[in-house]
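1. model the structure of this input:
(one chain, ligands or ions: 2)
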Amino acid sequence: MNIHKNLYLPIGLKPRHTWRCYVLEEHPGLLIIRNPFTSRGQRYWIARSLRDYPLPPNIVNLDAKHFPSKTIADWWGELHNCTDPNVTHRLKTAMRWTTLGYHHNWDTKIYDTTIHTLFPSDLDSLSKYFALALGFPSFIPQAAIINYYPIGTSLSGHTDHSEMNHEAPLFSYSFGQTAIFLIGHRSLEEEPSALYLRSGDVLVMSKESRLCYHAVPRILKAFEDPWNNFFSNPREKFGDTFTTSMNLTLFEQVNDELFWKPFDRYVSDCRININIRQVYHSDC
Ligand SMILES: O=C(O)CCC(=O)C(=O)O
Ligand SMILES: [Fe+2]
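-> Ligands and ions are numbered 1, 2, ... in the order given. Alright, predicted model coming up:
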């Protein structure tokens, strides 16, 4: 795999010469980087996905028929403050997705250009960084789906074809518990391959693999919790923190075990997947 060398490394990523990148021979265009995130980097993206990204104006799957408006408006806040174990369980398992940027309408399966919310600049920079590093310099992150998978949940086989632009790759970041990921082909006739997506793994579906069937049949308990493994990268050197689009306060806070505890509880039995797409051919 050709990795672009002269790029400034964002905070929360391991140095590029340590990345383990793979391609799968039977699935041209499918790329995997095995956990390029530092422990603190993983914690940052987990906290963003739980605390911040589900907040309005982003859209969540929780609906007014089943939940009061204050839960829909701040799911994490409600979950965090809940003391009743039954309600905690219900809240934790009810959250399945949140959408950012251009919002995919799950009923019509089309992107609605009339509903557009700001794409988070930290997620924009991270995705552009991976895109540049892997040889997709024109990639524009325009939509994200954060998928939440409590253990026992799954995602059935599908292709992601609602985007107008099928040439742009799709980037997927996994955190927390391990997924069995099935990657198939353009037709359901051909056998899929199974791989593990563990915490920190980056999967790219580009070229031929962009429109292939895929599924998450099972979430498994992970053997390790790399979001807590500070021994593997004890000293994080920060480059130019002034130019980062990341929330540096949060990056500090996730180091504090008391602050981190509720997030740790969530990822101890759930998986989070951040799925990034370019919807249109240019910046709309
Ligand atoms: O959870 C995953 O790894 C895949 C999610 C996915 O396929 C999607 O959001 O379309
Ligand atoms: Fe998908």
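
2. pull the helix or strand with minimum mean pLDDT from the protein.
-> Taking mean pLDDT, DSSP states H and E as the measure, strand 110-116 is the helix or strand of the chain with the lowest mean score, a mean of 82.

3. now do the helix or strand that contains G101, average pLDDT.
-> Assigned by DSSP states H and E, G101 belongs to strand 97-105. In this model, strand 97-105 has a mean pLDDT of 89.

4. just checking: what are the partner strands of it?
-> strand 59-60 (antiparallel), strand 110-116 (antiparallel), strand 143-150 (antiparallel) (DSSP bridges).

5. gap between the two ends of stretch 158-176?
-> Stretch 158-176 has its terminal residues 23 Å apart, counting by CA to CA, to the nearest Å.

6. now stretch 67-86
-> Terminal residues of stretch 67-86 lie 15 Å apart, using CA to CA.

7. who touches that stretch?
-> Residues outside stretch 67-86 that contact it (CB atoms under 8 Å, 6 or more residues apart in numbering): 50-51, 54-56, 60, 62-64, 88, 91-92, 94-95, 262, 266. The way it works is simple: take the backbone N, C-alpha and C, and place the C-beta from them, glycine included.

8. buried ones in the one helix or strand G77 maps to?
-> Of the helices and strands defined by DSSP H and E, G77 is found in helix 75-81. For helix 75-81, burial by neighbour count (16 or more other CB atoms under 10 Å) applies to 75-76, 78-80.

9. hey, where'd the helices end up in the stretch 1-150 of the chain?
-> Taking DSSP state H, counting those that start in this stretch, the helices of the stretch 1-150 of the chain run over residues 39-47, 69-73, 75-81, 85-94, 121-133.

10. need the residues of the stretch 1-150 of the chain near ligand 1, please.
-> Residues of the stretch 1-150 of the chain lying near ligand 1 by CB under 6 Å from any ligand atom: 145, 147.

11. any idea of the mean pLDDT in the helix holding G77?
-> Helix 75-81 comes out at a mean pLDDT of 96.

12. using PDB, write out every CA atom in that helix.
-> The C-alpha trace of helix 75-81 is given here as PDB (Å, rounded to 0.1, in the frame of the first residue of the first chain):
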ATOM      1  CA  TRP A  75     -29.200  10.900  25.300                       C
ATOM      2  CA  TRP A  76     -25.700  10.600  26.900                       C
ATOM      3  CA  GLY A  77     -26.600  13.100  29.600                       C
ATOM      4  CA  GLU A  78     -29.700  11.100  30.500                       C
ATOM      5  CA  LEU A  79     -27.800   7.800  30.500                       C
ATOM      6  CA  HIS A  80     -25.000   9.200  32.500                       C
ATOM      7  CA  ASN A  81     -27.300  10.500  35.200                       C
END
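
13. on that earlier part again, which of the contacts of stretch 67-86 are buried?
-> The neighbour-count test (16+ other CB under 10 Å) marks 50-51, 54, 60, 62, 88, 91-92, 94-95, 266 as buried among the contacts of stretch 67-86.

14. L220 touches A194, doesn't it?
-> No. Using CB atoms under 8 Å, L220 makes no contact with A194, being 11.7 Å away.

15. list residues touching both of these two?
-> Both L220 and A194 are contacted by I180, under the criterion CB under 8 Å, 6+ apart.

16. show me the contacts for W227.
-> The contact partners of W227, taken as CB under 8 Å, 6+ apart, are 39, 42-43, 46, 175-176, 199-200, 264, 267.

17. how about a cut-off of 6 Å?
-> Contact analysis of W227 by CB atoms under 6 Å, 6 or more residues apart in numbering lists 39, 42-43.

18. where does the prediction get shaky in the protein?
-> Per-residue confidence for the chain (pLDDT under 70) gives these ranges: 1-7, 232-242, 284.

19. for ligand 1, what's the nearest residue on it?
-> In the chain, the residue that lies nearest ligand 1 is N273 (3.3 Å; CB to the nearest ligand atom).

20. which SS class is that residue?
-> strand (DSSP: H, G, I helix; E, B strand; the rest coil).

21. specify the beta-bridge partners of the closest residue to it other than its chain neighbours.
-> Distance criterion CB to CB, 6 or more residues apart in numbering; nearest residue to N273, sequence neighbours excluded, is N147 at 4.2 Å. Beta-bridge pairing for N147 (DSSP bridges): W97, N273.
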